[in-house]
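# Provided below for reference: sequence and predicted model.
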Amino acid sequence: MRLKIPLWLVPLLYAVASLVAGIMFPRFEYEHLSSYTRGMSVSSAQAFLSGIASGTMSLSAIVFSIYFLVMQFGAAAYSKRLVLLFGRDPILFNSLGMFFATFIYALAELVYVDRNGDGKVPFFSTLFVGALLASSIVLLALLVQRMSQLQITSVLRIVGNEGRRVIRETYTLAEAAATDGEATHQQVAQICASAPLQTLRYSGPPRAVEYFEIERFVRLAQDAQAVIVLQCAVGDTVPDGALLVRVFGNGTRIADDALMKALHLAWDRTFKQDPKYPLRLLVDTAIMALSPAVNDPTTAVQSLDQIEDLLHRLACCRLDAGYVKDASGNLRLVFPMPTWEDYLSLAFDEIRMFGNASLQVQRRLRAALKDLAVSSGNKERAEAVERYLQHLDDELAHSNLDELDRAMARRGDRQGLGVSRP
């Protein structure tokens, strides 16, 4: 299992480890390895170590000031939640920790240079300082590369990649858990019409549903000969007293602690098991670009490029995989899953409303919907897309655009304003 530690603790661990090593290793070297030397003079060693110590701290102050300044300016171009995402980059905290370690160890070794006036320079400790400096340079290069990813095009691509990953993982997991002959809506309605054996409510400050463990819920339900119905979806924020779980059946009660261990809550919404979240971030970026303060429809079009790709992938998934049976074919778990209409509404509604006066957005949106209608591979989903296209036409007919602009807006264009399609 991967160990999770708070990111703020990473630089502190680097600093403590370098301090301990700076106290112990030079002393050990001075007492037992003092015969190893390469003839470095005391003045050269002192200049070398002092330069590294002072230069490392000065460089770290400059680099991190620039990094946070770039993130602050980037906040005007994309969702504020993306700023938090980049602010929690492990490379950022590891770089800061390595700079601390280089600074502290170089200072600690200075104490053992010409100790007691013997003219000796710790050879291996000096090499170790050089190695720390080289590591700091590597992490600095990675940090600069991260700074280049703060550009809007790179940010949209990163969010799109996260969306593609979470779609693949989430629906692979859901389809693997759902057996053939899944429960119908009528079965679920019949089960939920009866009185629940037990309910579980949340107690505490508002938190987001991060993910839940399907296999653990199924085992709990199977052991209790019950059906577990989750009342919250991944991504929901649950306040105090919110209903989380209902358990139906005539068997034994399931311990509340066991149910809570299978339902994971977090302070912030994450990508895990939540394909809606990358779509939400892309939509937020698009509508921020369409605000009068920014007025950047090209960014909205670029967001639609990623949104369309995610919807094409979702169109190939089994979206109704929210009913899970055990190996014997008995229904054990029911959990909310977004429908195709939910995804369409999330992906396009706000962009459609905020971009109703932009020809570029209207044309790109129409091109995305037409492609989805053709490639969805499902009659019901294609009909839902056609209904959305009709809604787009109805809204366009009542817009403030003149007839010429309306005719332009009805032409699908993957570039927004580039190459018109009939």
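Cool, got the structure. Keep in mind that this is a model prediction, so the values were computed, not measured.

# elements contacting the helix or strand harbouring E215?
Element membership of E215, judged by DSSP states H and E, is helix 214-224. If contacts are counted by 3 or more Cβ pairs under 8 Å, 6 or more residues apart in numbering; DSSP states H and E, helix 214-224 sits against helix 152-177, strand 226-230, strand 243-249, helix 256-262, strand 323-325, strand 331-334. No exception for glycine: its C-beta is placed from N, CA and C like everyone else's.

# Nearest the middle, which residue of this protein would you pick?
Nearest to the geometric centre of the chain sits F271, at 4.5 Å (Cα atoms, centre = their mean).

# what residues are up against that residue?
E162, G163, R165, V166, Y277, P278 (Cβ atoms under 8 Å, 6 or more residues apart in numbering).

# out of these, which is most surrounded?
Within these, most neighbours by other Cβ atoms under 10 Å means G163, with 26 neighbours.

# Touching, that one and H312? I think so.
No. Using Cβ atoms under 8 Å as the test, G163 is too far from H312 to be in contact (11.4 Å).

# give the contact list for A208.
A208 makes contact with G235, D236, T237, V238, L265, A266, W267, D268, R269, T270, according to Cβ under 8 Å, 6+ apart.

# Pull out the buried residues from these.
Buried by 16 or more other Cβ atoms under 10 Å: G235, D236, V238, L265, R269, T270, out of these.

# I'd like the secondary structure assignment at S291, please.
Classification of S291 using DSSP: H, G, I helix; E, B strand; the rest coil returns coil.

# Angles on the backbone of it, please.
The phi/psi pair for S291 (degrees, to the nearest 10) reads phi -70, psi 150.

# S358 is in contact with that one, correct?
No. Applying Cβ under 8 Å as the test, S291 and S358 come out as separate, 11.7 Å apart.

# Who has more neighbours out of those two?
More crowded of S291 and S358, by other Cβ under 10 Å: S358, with 22 against 10.

# For the more buried one, give me the backbone phi and psi.
When quoted as degrees, to the nearest 10, the phi and psi of S358 stand at phi -110, psi 120.

# Contact partners for it?
L290, P297, A300.

# SS state for the residue nearest to the centre of the chain?
Per three-state DSSP, F271 ends up coil.

# picking that back up, how about TSV for the buried ones among the contacts of A208, with distance to R363 added?
Formatted as TSV, the buried ones among the contacts of A208 follow (distance: Cβ to Cβ, whole Å):
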residue	distance to R363
G235	31
D236	35
V238	40
L265	42
R269	32
T270	34
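
# that older thread, would you reformat the helices and strands packed on helix 214-224 as TSV and include mean pLDDT?
Converted to TSV, the helices and strands packed on helix 214-224 look like this (pLDDT from 0 to 100):
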stretch	mean pLDDT
helix 152-177	82
strand 226-230	89
strand 243-249	90
helix 256-262	91
strand 323-325	81
strand 331-334	86
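
# List just the one of the ones you listed that sits closest to F86.
With Cβ to Cβ, the closest approach to F86 among those belongs to helix 152-177: 8.1 Å.

# Against which helices or strands is that closest one packed?
In this structure, helix 152-177 packs against helix 214-224, helix 276-289, helix 297-315, with contacts taken as 3+ Cβ pairs under 8 Å, 6+ apart.

# which one of those helices lies closest to R332?
Closest approach to R332 among the helices and strands packed on helix 152-177 is made by helix 214-224 (3.9 Å; Cβ to Cβ).

# Next, the angle strand 226-230 makes with that closest one.
140 degrees (axes from the mean of the first three to the mean of the last three Cα atoms, to 10 degrees).

# from memory Q273 sits against T170, does it?
Yes. At 5.0 Å, Q273 counts as touching T170 under the criterion of Cβ under 8 Å.

# and G416, that's in a helix?
No. With three-state DSSP as the criterion, G416 is coil rather than part of a helix.

# mind checking the end-to-end distance for stretch 200-212?
With Cα to Cα, to the nearest Å applied, stretch 200-212 spans 15 Å between its terminal residues.

# Identify each buried residue in that stretch, please.
In terms of neighbour count (16+ other Cβ under 10 Å), stretch 200-212 has its buried residues at L200, Y202, R207, A208, V209, E210, Y211, F212.

# picking up where we left off before, nearest to K370 among the helices and strands packed on helix 214-224 would be which one?
Among the helices and strands packed on helix 214-224, the nearest to K370 by Cβ to Cβ is helix 152-177 (20.5 Å).

# list the buried ones in the closest one?
Residues of helix 152-177 classed as buried: 152, 155-156, 158-160, 162-164, 166-167, 170-171, 173-174, 177 (neighbour count, 16+ other Cβ under 10 Å).

# Give me the angle between it and helix 214-224.
Interaxial angle, helix 152-177 versus helix 214-224 (the same axes, to 10 degrees): 30 degrees.

# Pull the distance from helix 152-177 to the chain's centre.
Centroid displacement of helix 152-177 relative to its chain, using Cα atoms, centre = their mean, to the nearest Å, is 10 Å.

# for L200, helix, strand, or coil?
The local conformation at L200, judged by three-state DSSP, is strand.

# again with H264
Secondary structure state of H264, per three-state DSSP, is strand.

# That one reaches I214, doesn't it?
No. Assessed by Cβ under 8 Å, H264 is found out of contact with I214, at 12.0 Å.

# The two: which is more packed in?
The neighbour comparison of H264 against I214 (other Cβ under 10 Å) goes to I214, with 20 against 17.

# dump the residue contacts of V166.
Contacts of V166 were listed using Cβ under 8 Å, 6+ apart, and they are F271, K272, Q273, D274, P275, Y277, P278.

# D405 reaches L359, doesn't it?
Yes. Using Cβ under 8 Å, D405 is in contact with L359, at 6.3 Å.

# More neighbours: which of the two?
L359 (18 against 15).

# Tell me how this protein divides into domains.
Taking automatic domain parsing as the criterion, the chain consists of the domains 9-150, 157-168+273-318+338-409, 177-266.

# I'd like to know which of these lies nearest to G416.
Smallest distance to G416 across these (Cβ to Cβ): 3.5 Å, for domain 157-168+273-318+338-409.

# Centre of the chain to the closest one, how far?
For domain 157-168+273-318+338-409 - counting by Cα atoms, centre = their mean - the centre lies 21 Å from the chain centre.

# before we move on, what about stretch 110-129?
For stretch 110-129 - counting by Cα atoms, centre = their mean - the centre lies 46 Å from the chain centre.

# Alpha carbons of that stretch, as CSV, please.
Taking C-alpha atoms only, stretch 110-129 is exported to CSV below (Å, rounded to 0.1, in the frame of the first residue of the first chain):
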residue,chain,number,x,y,z
LEU,A,110,31.7,23.6,7.4
VAL,A,111,32.0,22.9,11.1
TYR,A,112,34.3,19.9,10.4
VAL,A,113,36.5,21.7,7.9
ASP,A,114,39.9,22.5,9.6
ARG,A,115,38.4,21.2,12.8
ASN,A,116,40.8,22.0,15.7
GLY,A,117,43.1,23.6,13.3
ASP,A,118,44.3,20.4,11.8
GLY,A,119,43.9,21.5,8.2
LYS,A,120,41.8,18.5,7.2
VAL,A,121,38.8,18.5,4.8
PRO,A,122,36.2,15.7,5.0
PHE,A,123,36.5,14.1,1.6
PHE,A,124,33.4,11.9,1.4
SER,A,125,31.2,14.6,3.0
THR,A,126,32.4,17.1,0.3
LEU,A,127,31.5,14.6,-2.4
PHE,A,128,28.1,14.1,-0.8
VAL,A,129,27.4,17.9,-0.9
